[in-house]
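Student: Following is a predicted model, sequence given first.
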Amino acid sequence: QLQLAESGGDAVQAGGSLRLSCVVSRTTPGGHTMGWSRQVPGNEREGVACIGADGITTYTDSVKGRFTISKDNAKNILYLQMNSLRPEDTAIYFCAAGAPGSLSCTYRYWGQGTQVTVSS
């Protein structure tokens, strides 16, 4: 069982930047696909960025060129660098991890979420 703990959410103005962090309790041989998703109350959760155990990254179209997902394997921390933030980026952001050895951007484990609010 993995435990994920996000931090870094805040209220910022449009055009600003934030870096979200997610501490992972442990890893398993073969690693996990990991990612960030976001949700606005009343809407479905949306995948934002994903990074495979091999380091390959994917992004949803609306954040390409603005957000960067990365991980520090030595410290078991996942990051999401968010630049040029827009009001439509406002959401609760969740860190997630797939099953051990997973290859796709589907997740078994979830954090509690961190609020990001972007004002115009």
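Tutor: Nice, I can see it.
Student: and Ala99, helix, strand or coil?
Tutor: coil (DSSP: H, G, I helix; E, B strand; the rest coil).
Student: excluding its backbone neighbours, what's nearest it?
Tutor: Among residues not flanking Ala99 along the chain, Arg108 sits closest, at 4.8 Å (CB to CB, 6 or more residues apart in numbering). Backbone N, C-alpha and C define where each C-beta goes, glycine included.
Student: what number of residues lie near the one you found?
Tutor: 14 (other CB atoms under 10 Å).
Student: distance of it from Ala74?
Tutor: Distance from Arg108 to Ala74, counting by CB to CB, to the nearest Å: 23 Å.
Student: Same question for Ala97.
Tutor: 17 Å.
Student: more neighbours, those two?
Tutor: Set Ala97 next to Ala74 and count neighbours by other CB under 10 Å: Ala97 wins out with 25 against 6.
Student: which residues does the more buried one form a beta bridge with?
Tutor: Met34, Tyr109 (DSSP bridges).
Student: Dead centre of the protein: give me the residue that sits there.
Tutor: Trp36 (2.2 Å; CA atoms, centre = their mean).
Student: Which secondary structure element is home to that residue?
Tutor: strand 34-39 (DSSP states H and E).
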